[in-house]
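Participant: Got a sequence here, can you model it:
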Amino acid sequence: MYSVEAEDLNVGFNYVLRFLIERGTEVKVKDYTTKELHPFVFEMRNPCARTLLYPYRGNNPFATLFETLWVLAGRSDIKHLEFFLPRAKDFSDDGLTWRAAYGGRMFTSGITQNPVDQFEYVYKTLKADAGSRQAVITIWDPGRDCTVGKTKDMPCSNRLCFMIRDGKLDLSLNIRSNDVLWGFSSINVYEFTVMQEIMATMLGVEVGRYYHIADSLHCYTGGGFNAEKNYKKLIKCMESTYTKRGADICAEAGHKKFSIGHIGFMRDYGRTMFKYKELYNQVVALFDMTVTPDYDRMVDIASHKLTLDPDIYLLLLCYIASARIEDQDHFTQLYKKVMEKVAMSDLKVACHYWMLKKRWGLKTTDIEHAYTECKCLTI
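Facilitator: The predicted structure follows:
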């Protein structure tokens, strides 16, 4: 067994890459060659330190943010998801949905023939008995997954176990197959630690530790998926001298927490999850407008209109507007307005760093520059 323990995802990702690249076993799967750690455990001491700020990684924090919200809303349709993840259809059997979407299996349909909200089950179980060992969510569904035949979308994550110990909520995730580039570092650690934080807040306990248990943690080295190019990217990430500074900047900026709104419904399960679905609907409503929206007005009213985390809405609004507003001066004015309203955090720095490179085309690995500008853009 291979194991890594780290305070946050930035430092942890570097340790994981070193293990994988230097000690991984070469395994051929179908027509692909991979390097694999089997089995592998990643222990994260501070699950709220989940934002990845890595110069050579190239991850899109806006996409990670939206996909997490998409999961919390219990969605399986990819109509809006593919705007953030252009390759979403490559993993869809019908071009419309993800058959194994986690949100659909956890929050809306469940695993049994009688639909059950498994996240609510965990909440009620731990609310009734803080020492329970039964607060489990199952994603793999034998009735569907053992009989499906050929599919592009088999669930990778299989089981979550929430447990309160020493007054803190720990979360263990079991995942059968985990790509270090597109799964582990891009979305999996982020989305599940968000769920851990939300559950801890509703239960009125502190966030404990996160355990990521993978039967196969791997990277592709040849045979497709731009494997050779991506493998070189991973080596560059591993050798990056910016790793420690990225972690430091995230800590200095403050780890963005997913607020669940006013104290009136902080520990009310139904009210809380309704607000996440409402926030998701408010974001996707931006796509459905037939004419160019008045983004400036939306920014002005966001803080008053939303009862749940306006920062998430504003950042995603900014990303959508970036694709629709061609005039650079117009977008720059809107962007500055948004960033002045968004609270200082590691998430804000990561989004700004991505936008500097993608919207303004700055060829920079200087994350310090993004951090300094974010401080100036915070009221």
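
Participant: so who does Arg99 touch?
Facilitator: By CB atoms under 8 Å, 6 or more residues apart in numbering, Arg99 lies in contact with 76, 92-93, 144, 148, 151-153. The C-beta positions use only the backbone N, C-alpha and C, and glycine is treated the same way.

Participant: Mind checking which of the residues you listed are in strands?
Facilitator: The strands, defined by DSSP state E, take in nothing from the contacts of Arg99.

Participant: Of the residues you listed, just the buried ones, PyMOL syntax please.
Facilitator: A single PyMOL command is used to select the members of the contacts of Arg99 judged buried by 16 or more other CB atoms under 10 Å:
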select buried, resi 76+92+144+153
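
Participant: Confirm for me that Asp215 is in contact with Arg159.
Facilitator: No: Asp215 is beyond contact range of Arg159, at 11.5 Å (criterion: CB atoms under 8 Å).

Participant: list the residues that contact both of these two?
Facilitator: Shared contacts of Asp215 and Arg159, counting by CB under 8 Å, 6+ apart, come down to Asn174.

Participant: For Tyr32, which non-adjacent residue is closest in space?
Facilitator: Taking CB to CB, 6 or more residues apart in numbering, and ignoring the residues beside it in sequence, Tyr32 has Gly223 as its nearest neighbour in space, at 3.8 Å.

Participant: Neighbours of the one you found, how many?
Facilitator: 14 (other CB atoms under 10 Å).

Participant: How about the contacts made by it?
Facilitator: Gly223 touches 31-33, counting by CB under 8 Å, 6+ apart.

Participant: Out of those, which one has the lowest pLDDT?
Facilitator: Lowest pLDDT among the contacts of Gly223: Asp31, with 88.

Participant: returning to what we had before: looking at the contacts of Arg99, which one is closest to Phe184?
Facilitator: Distances from Phe184 to the contacts of Arg99, taken as CB to CB, are shortest for Asp153 (18.1 Å).

Participant: how close does that closest one get to Asn188?
Facilitator: 15 Å (CB to CB, to the nearest Å).

Participant: What of His218?
Facilitator: His218 is 13 Å from Asn188, where distance means CB to CB.

Participant: Pick out whichever of these two has more residues nearby.
Facilitator: Shown here are His218 and Asn188; by other CB under 10 Å, His218 has more neighbours (25 against 21).

Participant: Then that one would be within a strand, right?
Facilitator: Yes: counting by DSSP: H, G, I helix; E, B strand; the rest coil, His218 is found in a strand.

Participant: from what I can see it touches Lys35, true?
Facilitator: Yes: under the criterion of CB under 8 Å, His218 makes contact with Lys35 at 6.3 Å.

Participant: Could you pull up phi and psi at Thr221?
Facilitator: Per-residue torsions, Thr221: phi -120, psi -10 (degrees, to the nearest 10).

Participant: what about it, neighbour count?
Facilitator: Neighbours around Thr221, by other CB under 10 Å: 20.

Participant: residues in contact with it?
Facilitator: Per CB under 8 Å, 6+ apart, neighbours of Thr221: 26, 33-35, 227-228, 231.

Participant: where's it relative to Met154, distance?
Facilitator: 22 Å.

Participant: now swap in Lys337 and tell me
Facilitator: Counting by CB to CB - Lys337 and Met154 are separated by 43 Å.

Participant: State the helix or strand in which Lys363 lies.
Facilitator: Take DSSP states H and E as the rule and Lys363 turns out to sit in neither a helix nor a strand.

Participant: And the closest residue in space to it that isn't next to it in sequence, how far from Ala343?
Facilitator: Leaving aside its chain neighbours, Lys363 sits nearest to Lys357 (7.7 Å; criterion: CB to CB, 6+ apart). Note on Lys357: its distance to Ala343, by CB to CB, is 22 Å.

Participant: Same check on Ser3?
Facilitator: Remark: distance between Ser3 and Ala343 (CB to CB) = 35 Å.

Participant: Counting neighbours, go ahead and name the busier of the two.
Facilitator: Ala343 (17 against 13).

Participant: That one against Pro310, yeah?
Facilitator: No: the pair Ala343 / Pro310 is not scored as a contact, 9.3 Å apart, by CB under 8 Å.

Participant: which SS state does Ser132 fall under?
Facilitator: Secondary structure, three-state DSSP: Ser132 is coil.

Participant: since we're on the closest residue to it other than its chain neighbours, how many residues are nearby?
Facilitator: Distances taken as CB to CB, 6+ apart place Thr125 nearest to Ser132, at 5.2 Å, with adjacent residues excluded. For Thr125, the number of neighbouring residues by other CB under 10 Å comes to 16.

Participant: Give me the secondary structure label for Thr125.
Facilitator: helix.

Participant: got it, and Asp170?
Facilitator: On the three-state scheme (three-state DSSP), Asp170 is labelled strand.

Participant: could we number from 40 for the rest of this?
Facilitator: Sure thing, new numbering starts at 40, so read that last one as Asp209.

Participant: count of residues packed around it?
Facilitator: 19.

Participant: Quick one: end-to-end length of stretch 110-118, please.
Facilitator: From its first residue to its last, stretch 110-118 covers 14 Å (CA to CA, to the nearest Å).
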